[in-house]
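**Q** Fold the stuff below for me.
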Amino acid sequence: MDRPLRRIFQFLTVLFLALVLMLTYWQVVAAPKLAVNPYNKRSIADEMKVERGVITSADGEELAVDRQSGDNFYRVYPQGKLTSVFLGYDSVTYGRAGIERVYDEELSGQKGLLGITNSLDQILGRTRKGADLKLTINMKVQRAAAQALGNRKGAVVALNPETGAIIAMVSYPTYDSNTIDQTWKQLNADSGNPLINRATQGLYPPGSVFKMVVAGAALQEDTVTAATTFNDTGSVNEGGYIVHNFGKESYGTHSFLEAFSKSINTTFAKVGVELGGQRLQDYAERFGFNQAMPFALGGRTSVFPKAASMDKAALAQASFGQGEVLATPLQMALVASAVANGGTIMTPYIVQQVLDYHQTVLNNTSPKVWRTALSAQTAATLKDLMVKVVTSGTGTAAALKNVQVAGKTGTAEVASGEPDAWFAGFAPAEDPQIVVAVLIENGGTGGSVAAPAARQVISAALGL
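**A** Alright, predicted model coming up:
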């Protein structure tokens, strides 16, 4: 073979190898990601010929089902707006979101033995069927949470502190999963961001609900006890920043127990400064701040500033949940769950079981520890402080007859408008079964606005 022909042969060989490598990459390596990409409309159109699995609540209500039209199936959401925040949507035009996206392989029957079975069904011309999902959501509590929040911007999260199972999750404003194709442009143009799940994606100054973290750190480090006394004159100067109490109240001589139950900012500024930035950062991270949320549906990471970036003034503000501290409602529910669960935070989850179409359980979620925030002894002491908040402090509007509720209110100052109203707590205090976090944007005070909403959710969860 002469030299010109040899060069042409070598060139064509390189092109052929490049083509093989490219095809191998796209068909083998990248194929799984492409198959579940929410923007892959061809894949979604093909899957419309597969009957997606049914999604049900923990108490047996259907939340998402398929209906057939010709050769294709289309998704129906019987609960409409009530469940869209976590179910998301299944659209040929706009892809998928929420559980419909995250669990698409299961719902469409592409995973494991179901994938093999569906391939055989396709060869034999039989209808293919995806796996069913049973969620941890309790629809009675979900309805109570939606009613408690009403038409106010914000979010409610309820969970089981012993397992991490999400019992209710509400965000407002929201949308109807059934009409996503018709309302897509309107929803995206809406300044209220109804497509955002505020429970997991909304970052807010936590205000005084963050005092659960500071109090836990101070108690565990023996910086204070419940009986440690302080003197409040209504303000304190920390590094040139003047800290005031809400409403510019002055409390005089008081214990740390009173400082927590009455939410005294000046005392918490002093305690936070004494703890120091590094210790406070360490404890915030023990509770989950600055850590990726281990939740299947994702969510934003709650933020506590790095110690090296804080001067005394910034540290004082962070000590009562202001400054650069930001949290999601789910994060604050997990903080409260640490107190309820002896110092341990369980990994949050929303899917309890994956079942095939014969209702054989393919996967059952087992509770897993995410973080250990406090010792059991410190958690028990902090629980007592939180009980005091509800019995005679700022959170009396969360109290229930014959059930002891523990909680913490928050009234977080924001850039414009009324403060954000917070409440995070649990019940029964002696044997916690339900944790609730409520956030109402520009709602006012946590004690008068968020605490009553939490009371409604707790009452529904306990069957009162």
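**Q** Burial check on V390, number of neighbours?
**A** Close neighbours of V390, defined as other Cβ atoms under 10 Å, add up to 29. C-beta here means a position set from N, CA and C on the backbone, and glycine is covered the same way.
**Q** right, and the secondary structure at it would be what?
**A** helix (DSSP: H, G, I helix; E, B strand; the rest coil).
**Q** mind listing what the closest residue to Y204 other than its chain neighbours touches?
**A** Distances taken as Cβ to Cβ, 6 or more residues apart in numbering place D420 nearest to Y204, at 5.5 Å, with adjacent residues excluded. Contact analysis of D420 by Cβ atoms under 8 Å, 6 or more residues apart in numbering lists 154, 204-205, 207, 410-412, 414, 439-443.
**Q** beta partners of D420?
**A** A412 (DSSP bridges).
**Q** residues in contact with the residue nearest to S392 when sequence neighbours are not counted?
**A** Excluding its sequence neighbours, the residue lying closest to S392 (Cβ to Cβ, 6+ apart) is S261, at 6.5 Å. By Cβ under 8 Å, 6+ apart, the contact set of S261 is L385, K388, V389, S392, G393, T394.
**Q** can you rerun that using 6 Å?
**A** Listed by Cβ atoms under 6 Å, 6 or more residues apart in numbering, the contact set of S261 reads K388, V389, G393.
**Q** Which of those has the largest number of neighbours?
**A** Neighbour counts for the contacts of S261, by other Cβ under 10 Å, peak at V389, which reaches 30 neighbours.
**Q** how about the closest residue in space to that one that isn't next to it in sequence, phi and psi?
**A** Distances taken as Cβ to Cβ, 6+ apart place G395 nearest to V389, at 4.3 Å, with adjacent residues excluded. With angles defined as degrees, to the nearest 10, G395 sits at phi -110, psi 30.
**Q** Would you confirm that G395 contacts T409?
**A** Yes - contact criterion Cβ atoms under 6 Å: G395 and T409 qualify, at 4.8 Å.
**Q** rewinding a little: distance of the residue nearest to V389 from R455?
**A** Relative to R455, G395 is positioned 9 Å away (Cβ to Cβ, to the nearest Å).
**Q** just to revisit the earlier point, same list (the contacts of D420) but as a markdown table, adding distance to T223 and pLDDT.
**A** Formatted as a markdown table, these follow (distance: Cβ to Cβ, whole Å; pLDDT from 0 to 100):
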| residue | distance to T223 | pLDDT |
| --- | --- | --- |
| G154 | 33 | 98 |
| Y204 | 27 | 97 |
| P205 | 24 | 97 |
| G207 | 21 | 96 |
| G410 | 22 | 96 |
| T411 | 25 | 96 |
| A412 | 24 | 94 |
| V414 | 29 | 93 |
| L439 | 29 | 98 |
| I440 | 32 | 98 |
| E441 | 33 | 97 |
| N442 | 34 | 97 |
| G443 | 32 | 96 |
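**Q** out of the residues you listed, who's nearest G192?
**A** For the contacts of D420, the residue nearest G192 by Cβ to Cβ is E441; the value is 9.8 Å.
**Q** Could you report the neighbour count for that closest one?
**A** Per other Cβ under 10 Å, the neighbour tally for E441 reads 20.
**Q** Apart from its chain neighbours, what residue comes closest to it?
**A** Leaving aside its chain neighbours, E441 sits nearest to K153 (4.1 Å; criterion: Cβ to Cβ, 6+ apart).
**Q** per-residue confidence at the one you found?
**A** pLDDT, K153: 97.
**Q** again with L34
**A** Model confidence at L34, expressed as pLDDT, equals 58.
**Q** do the same with L63
**A** 98.
**Q** give the contact list for it.
**A** Counted by Cβ under 6 Å, 6+ apart, L63 has contacts I55, S57, Q79, T83.
**Q** In the stretch 201-350 of the chain, where is pLDDT below threshold?
**A** Scanning the stretch 201-350 of the chain for pLDDT under 70 picks out no residues.
**Q** Which parts of it are helices?
**A** Using DSSP state H, counting those that start in this stretch, the helices of the stretch 201-350 of the chain run over 211-220, 256-261, 265-275, 277-286, 312-318, 329-340.
**Q** For T163, find the nearest of the ones you listed.
**A** Using Cβ to Cβ, the nearest of the helices of the stretch 201-350 of the chain to T163 is helix 329-340, at 9.9 Å.
**Q** Give me the residues contacting the closest one.
**A** Outside helix 329-340, the residues that reach it (Cβ under 6 Å, 6+ apart) are 155, 157, 159, 161, 199-200, 206, 209, 212, 287-288, 302, 345, 373, 379, 382-383, 424-426, 432, 435, 437, 439.
**Q** the inter-axis angle of it versus helix 211-220?
**A** 30 degrees (axes from the mean of the first three to the mean of the last three Cα atoms, to 10 degrees).
**Q** now the angle from helix 329-340 to helix 277-286?
**A** 100 degrees.
**Q** Might you calculate how far helix 329-340 sits from the centre of the chain?
**A** 10 Å (Cα atoms, centre = their mean, to the nearest Å).
**Q** burial count for the closest residue to H254 other than its chain neighbours?
**A** Among residues not flanking H254 along the chain, F230 sits closest, at 6.0 Å (Cβ to Cβ, 6+ apart). Applying other Cβ under 10 Å, we find 20 residues neighbouring F230.
**Q** In strands, which of the contacts of helix 329-340 appear?
**A** Residues from the contacts of helix 329-340 lying in strands, with DSSP state E as the criterion: A155, V157, L159, I345, A424, G425, F426, V435, A437, L439.
**Q** Reformat the residues you listed as a markdown table; add distance to Q359 and neighbour count.
**A** Formatted as a markdown table, the ones in strands among the contacts of helix 329-340 follow (distance: Cβ to Cβ, whole Å; neighbours: other Cβ atoms under 10 Å):
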| residue | distance to Q359 | neighbour count |
| --- | --- | --- |
| A155 | 33 | 28 |
| V157 | 29 | 30 |
| L159 | 26 | 29 |
| I345 | 32 | 26 |
| A424 | 37 | 34 |
| G425 | 37 | 33 |
| F426 | 34 | 28 |
| V435 | 31 | 33 |
| A437 | 34 | 34 |
| L439 | 38 | 36 |
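**Q** Stretch 152-169 spans what distance, first to last residue?
**A** Distance across stretch 152-169, first residue to last, is 15 Å (Cα to Cα, to the nearest Å).
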